[in-house]
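Peer 1: Below is the sequence, then the predicted model.
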Amino acid sequence: MLDVRRMRVLREVAVHGSFSAAAAALNFTQSAISQHVAALERESGTRLVERGSRGVRLTEAGRALVTHAEAIISHIEGAEEELAAIAGLRGGRLRLACFQSAGATLVPRAVASFHERHPAVELGMVEAEPEHASALLRRGEIDLALVYDFEAIPGMLDPELELTHLIDDAYDAILPKGHKLAERRQLRLADLGAEPWVASSDAGGCRRITELNAASGAAPFASWRRWRARRPGRLRGPRRAARRRSRGSPPAPGSTPSTPCRPA
């Protein structure tokens, strides 16, 4: 395979018309220029320059190779510039996945701040629960995900992910004013096992918190199901970026989670 560095030397010889001028342009010695051209001729199997008393001139093969060298070097320089721009966040694309409530609370401000700092980077976002986001990361369809997990539910996130802890999120129990449990500072889910619930969709993190009680046989039931939030509630609990995940305050195995409460 032809050496690109030697092709660059040949191009300088073609531009300047002599080995000495090419050497000065590249900060090489004239001997080094001659050696590079000789090596390139051996690689190509043909004579590329003709040496004379008035300098050097390219052969037909040399002119053909310089034409290709111009295109090759241009592509390489373009690739180097594009990679440098991406490394310096001066270009490229960032693809993000997040769960629903984070998309309504945490992500908008983060996206606005990122875009203000790096306006040339194209941002794309999809909504995905942690398991789906993990799969998207594994397949290379996204670059970053905002996710949550619970220690009491093992296997929610792919162990191969690089995780960065963001926040710990506490869950609030919203109770009617005057409810017998409304004045307590903390509740266990088992305390609410006999109460009617308004629950989120099956995939949501709040729904999974209630399901943690299933192992103890005291899982609360849902008499109303909320499929889509009109307004985001308080986002409180362990969140991470997947590369992140969040750790909530899940209960230890065999126990029921403790839940802060406040009157509605």
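Peer 2: That came in fine, so what should we check first? Numbering: from 1, shown residues only.

Peer 1: and Ala23, how many neighbours does it have?
Peer 2: Counted with other CB atoms under 10 Å, the neighbours of Ala23 add up to 20. Backbone N, C-alpha and C define where each C-beta goes, glycine included.

Peer 1: Wasn't it part of a helix?
Peer 2: Yes - according to DSSP: H, G, I helix; E, B strand; the rest coil, the state of Ala23 is that of a helix.

Peer 1: contacting residues around it?
Peer 2: Thr29, Gln30, Ala32, Ile33 (CB atoms under 8 Å, 6 or more residues apart in numbering).

Peer 1: do Gly124 as well
Peer 2: Counted by CB under 8 Å, 6+ apart, Gly124 has contacts Arg93, Leu94, Arg95, Leu96.

Peer 1: Tell me how many other residues crowd the third one.
Peer 2: The tally of other residues near Arg95 (other CB under 10 Å) stands at 17.

Peer 1: Dig out what it forms beta bridges with.
Peer 2: Gly124 (DSSP bridges).

Peer 1: On the pLDDT front, check it for me.
Peer 2: pLDDT for Arg95: 89.

Peer 1: Is it correct that it is in contact with Ala145?
Peer 2: No - look at Arg95 against Ala145 with CB atoms under 8 Å: they stay out of range, at 9.4 Å.

Peer 1: quick one: which of the contacts of Ala23 has the most company?
Peer 2: Ile33 (26 neighbours).

Peer 1: Same question for whichever strand or helix holds that residue: list its buried residues.
Peer 2: Per DSSP states H and E, Ile33 falls inside helix 30-44. Residues Ile33, Ser34, His36, Val37, Leu40, Glu41, Ser44 are the ones in helix 30-44 that count as buried (16 or more other CB atoms under 10 Å).

Peer 1: Please apply the same query to stretch 16-23.
Peer 2: Buried-residue list, stretch 16-23, by 16+ other CB under 10 Å: His16, Ser18, Phe19, Ala21, Ala22, Ala23.

Peer 1: now the residues you listed in CSV, with distance to Glu122 and pLDDT?
Peer 2: Below are the buried residues of stretch 16-23 laid out as CSV (distance: CB to CB, whole Å; pLDDT from 0 to 100):
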residue, distance to Glu122, pLDDT
His16, 41, 88
Ser18, 47, 88
Phe19, 46, 90
Ala21, 44, 90
Ala22, 41, 89
Ala23, 44, 90
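
Peer 1: out of those residues, who's nearest Gly155?
Peer 2: Distance to Gly155, by CB to CB, is smallest for Ala22 among the buried residues of stretch 16-23, at 62.9 Å.

Peer 1: Where does pLDDT dip in the protein?
Peer 2: 85, 88-90, 152-153, 199-264 (pLDDT under 70).

Peer 1: hey, where'd the helices end up in it?
Peer 2: All helices of the chain, identified by DSSP state H, fall at 4-16, 19-26, 30-44, 60-87, 100-104, 106-117, 130-138, 205-211.

Peer 1: Serialize these to JSON lines and add fields for distance to Gly124.
Peer 2: Formatted as JSON lines, these follow (distance: least, CB to CB, whole Å):
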{"stretch": "helix 4-16", "distance to Gly124": "34"}
{"stretch": "helix 19-26", "distance to Gly124": "43"}
{"stretch": "helix 30-44", "distance to Gly124": "44"}
{"stretch": "helix 60-87", "distance to Gly124": "15"}
{"stretch": "helix 100-104", "distance to Gly124": "13"}
{"stretch": "helix 106-117", "distance to Gly124": "10"}
{"stretch": "helix 130-138", "distance to Gly124": "12"}
{"stretch": "helix 205-211", "distance to Gly124": "23"}
